[in-house]
Every structure is written in C-alpha cells, then in structure tokens.
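> Pasted the sequence and its predicted model underneath.
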Amino acid sequence: HVKSNSLPHFQVFDKHFSQHVYFNKEVAGFIKDALRKNEFYLQYMPIHEAQSLKVVALEVLLRTTSKKMEGIGPDVFIPIAEKFNLIKEIDAWVIENTFSIIKENYTYLEATKPIFCINISSEQLRNTNFVGLLSRLLKQYDIPAEWIELELTETSLVNVEDKNIEVLQGIRELGVRLSLDDYGTGYISFNQLINYPVNNLKIDKSFIDLLEKKDDASKMIVKSIHSLATTYQLTTVAEGVETIEQYRYLSELGCDFLQGYLFCKPVPWDQVKTLLDPSHTEKLRESLREKSL
Ligand code: C2E
Ligand code: MG
Ligand code: MG
Ligand code: MG
C-alpha cells in the first residue's frame, strides 16, 4: 500500500530532477562552446556618486552572443559555470578583457579615473593561484590596482574559512579594492563582517525594492544596513534603484553611491565615453528634476 502510493510521487520528483540536471549539462556545453568560439563580450553599468550623480565607477557585466544561449543570462549561466568547473576560465577572461579595454583607453580614462568593478566567483577564494594571476595581469596590462574593485557575493562568503580570508587579504595587499555584493541576502553577522577586509557594501536590490512600500519598517532595514556600514567605515552602493522616490530616500539617507535603471542600464563600451563626460551628469540631473516635478 505504502509502496504504490509513494512510487508516482518519487517518479515526479525524479523527472524534475533529471530535467534540471539535463538543462545544466546542456548549458555547461554551450558555455564551453562560447568560450572556445570567443562568443562573450562585456557591458558596463555606471555607478553614480549619490550627491553629484557623477559616474565614479563602472560595473563590468558578462554577456554572450551565442545563439544557443539566447535568453539565458549570467544569473543563470554563472552558477552553472561554477558547478561545472568553468568559472575560473570565465573570471580570468573577464578580468583580462577588462584590463585590455582599460589599457587601450588609458589616456582618456586617466582624466576621470572610474573604478572598474569586476564580479568574481567565490570559487576564487579556494584558488591559491588567484592572487598571483591578478598580480600578473595588473603588471602585464599596466593597470593601477586602485582602479579595480572585485565584487564577491555575501552568500558566497558565509562559509569562509581563515584560508579564504588570506586570499581576500592578498587581493587587498595588491591595492585592489573589495566589495560585498548582494549585501543582506546572506547571513554574515556583524562581528564576522569586521574580519573581512572589504571596502564597500552593495545593498541588494530586494531591499531597495522594499523602499516602495510606504511603511517605516521597510525603510529601517536599509537605514540600518547603511549605518552598520558607516560604523565599519565601509561605503555603500544601493543596487537596483528604479524610481525617483528610492533615489530621494537613499540620497537623503547618505548612501554613498547609486546604481540602477533609473540612471542607466548596462551599455556596450562605445557608450561609456559619453557617460563619463560632465555634460552627461548635467543631462541626468536635469531629467531627474523634470521627472520629480
Ligand atoms: P550582480 O553582480 O548583483 O549585478 C547586478 C545585476 O542587476 C545585473 O544583472 C544588472 O543588470 C542588474 N540590475 C542593476 N540595476 C538594476 C535595476 O535597476 N533593475 C533591474 N531589474 N536590474 C538591475 P546581470 O547583468 O544579469 O547579472 C546578474 C548576475 O550575474 C550578477 O549580479 C553577477 O552575480 C553575475 N555576473 C554578471 N557578470 C558576471 C561576471 O563577469 N563574472 C561573474 N563571476 N559573475 C557575473
Ligand atoms: Mg555585482
Ligand atoms: Mg548585486
Ligand atoms: Mg545579483
């Protein structure tokens, strides 16, 4: 009796499970293909100083032209790359290609010195060659280390051991900055946080979304993350700012930097020059003034 009852249930579960495994395997194959055929490219999303709205940093985001991967974004394929041991190659590709773009455009970047924020997988914390690779590429492309910031997700740091903190320290010793991405979605306690040599917290979009609710409790969460950051002398970036109301609240709160579709979506490199021009900041301020009327 029990057996006949549980069997179909088991089959349903198993079917979903194997479909999921099949999908992941298939995508892993597409990623390998794309790497081999060089079907990746980078987009850049500006991060604005909250008070002036000046573009002070650019987050580097991975994109693919692979037809097979149409509709599959990095939020899906990066975790698969991590599972299938392809992430080291991807992260190295992103770092090297970012450095190469910086080197090509060095003279004009020197005028505004935007920080380039590169996402890396927590897998690199277990990669004893990572600091060496980073150091070698910085030298090879002649990149000032302080122009680079690496973003690691908070969730990925939850199981950090002392060994991993050594990698973080190694990165900081090179002069490269560190940022905690999607902050608030993991479970890092305040006293753990002080052990991490990070410069910046990126407050996760889910908390910025909460600001649309009119109750004070939702706002308190963002407020307390910001004040925690300030206590530890960390700067804050609000991720995923989409409305004027969020912008107003965050800038009044004293959040240091803002990023989101309200200001700009990720763009290809040929549009970055325009974003760094002072006239862009003027236009942005003007358009936000109009929207808030
Ligand atoms: P993330 O690092 O938290 O990046 C922010 C993501 O939120 C980006 O999505 C960005 O386009 C999106 N976003 C920013 N502002 C807004 C907004 O106002 N509204 C909405 N709806 N979305 C916004 P994207 O490019 O799809 O990247 C997703 C995730 O994939 C990233 O999250 C990051 O974890 C990972 N990723 C992207 N590129 C790379 C990479 O080169 N290497 C690694 N290891 N991971 C990457
Ligand atoms: Mg990021
Ligand atoms: Mg994030
Ligand atoms: Mg994210």
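Nice, I can see it. Ligands and ions are numbered 1, 2, ... in the order given.
> quick check, K202 in a strand?
Yes: judged by DSSP: H, G, I helix; E, B strand; the rest coil, K202 forms part of a strand.
> Tell me the buried residues in the helix or strand E286 falls within?
Element membership of E286 [criterion: DSSP states H and E] is helix 278-292. If you call a residue buried by 16 or more other Cβ atoms under 10 Å, then helix 278-292 has these buried ones: 280-281, 284, 288. Every residue, glycine included, has its C-beta placed from N, CA and C.
> residue ranges of the strands in the stretch 51-200 of the chain, please?
Using DSSP state E, counting those that start in this stretch, the strands assigned to the stretch 51-200 of the chain run over residues 55-64, 115-119, 148-153, 177-183, 200-203.
> most tightly surrounded among those strands?
strand 200-203 (a mean of 24; mean count of other Cβ atoms under 10 Å).
> quick one: P266 from ligand 3, how far?
In this view, P266 and ligand 3 are 13 Å apart by Cβ to the ion, to the nearest Å.
> contacting residues around that residue?
43-45, 59, 61 (Cβ atoms under 8 Å, 6 or more residues apart in numbering).
> For E212, state which of the residues you listed is nearest.
M45 (21.1 Å; Cβ to Cβ).
> in what helix or strand does that closest one lie?
Counting by DSSP H and E, the element that carries M45 is strand 40-49.
> next one: that strand to chain centre, how far?
Relative to its chain's centre, strand 40-49 lies at 10 Å (Cα atoms, centre = their mean, to the nearest Å).
> Please list the residues of the stretch 51-200 of the chain that sit near ligand 2.
By the rule Cβ under 5 Å from the ion, the part of the stretch 51-200 of the chain lying against ligand 2 is 119, 151, 181.
> Kindly identify which of those residues also come near ligand 3.
By Cβ under 5 Å from the ion, the members of those lying near ligand 3 are D181.
> want to try a markdown table for the residues of the stretch 51-200 of the chain next to ligand 2, with pLDDT and distance to A92 as columns?
Compiled in a markdown table, these are given as follows (pLDDT from 0 to 100; distance: Cβ to Cβ, whole Å):
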| residue | pLDDT | distance to A92 |
| --- | --- | --- |
| N119 | 98 | 13 |
| E151 | 97 | 16 |
| D181 | 94 | 19 |
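> Near ligand 1, list only the ones from the residues of the stretch 51-200 of the chain next to ligand 2.
When contact is defined as Cβ under 6 Å from any ligand atom, those meet ligand 1 at 119, 151, 181.
> from those, which is closest to K213?
Distances from K213 to these, taken by Cβ to Cβ, are shortest for D181, at 23.5 Å.
> Excluding chain neighbours, what is closest to the residue sitting nearest the centre point of the chain?
By Cα atoms, centre = their mean, the mean C-alpha position of the chain lies nearest to N119, the distance being 4.8 Å. Spatially, and ignoring its direct neighbours in sequence, N119 is nearest to E151 (4.8 Å; Cβ to Cβ, 6 or more residues apart in numbering).
> what are the bridge partners for the one you found, then?
N119, S179 (DSSP bridges).
> Now that it has come up, it's in contact with V176, right?
No: between E151 and V176 there is no contact under Cβ atoms under 8 Å: 11.3 Å.
> returning to that earlier point: mind listing what the residue nearest to the centre of the chain touches?
59-62, 94, 150-151, 181.
> Touching, V27 and S66? I think so.
No: using Cβ under 8 Å as the test, V27 is too far from S66 to be in contact (10.2 Å).
> Give me the more crowded residue out of those two.
Applying other Cβ atoms under 10 Å to V27 and S66 shows that V27 carries more neighbours, namely 20 against 17.
> Please identify which helix or strand holds that one.
Using DSSP H and E, the element containing V27 is helix 2-37.
> where in the stretch 51-200 of the chain is pLDDT low?
Across the stretch 51-200 of the chain, residues meeting the criterion (pLDDT under 70) sit at 158-163.
> Write out the residues of it neighbouring ligand 1.
The stretch 51-200 of the chain comes close to ligand 1 at residues 61-62, 73-75, 78, 91, 94, 119-121, 151, 181-182, as judged by Cβ under 6 Å from any ligand atom.
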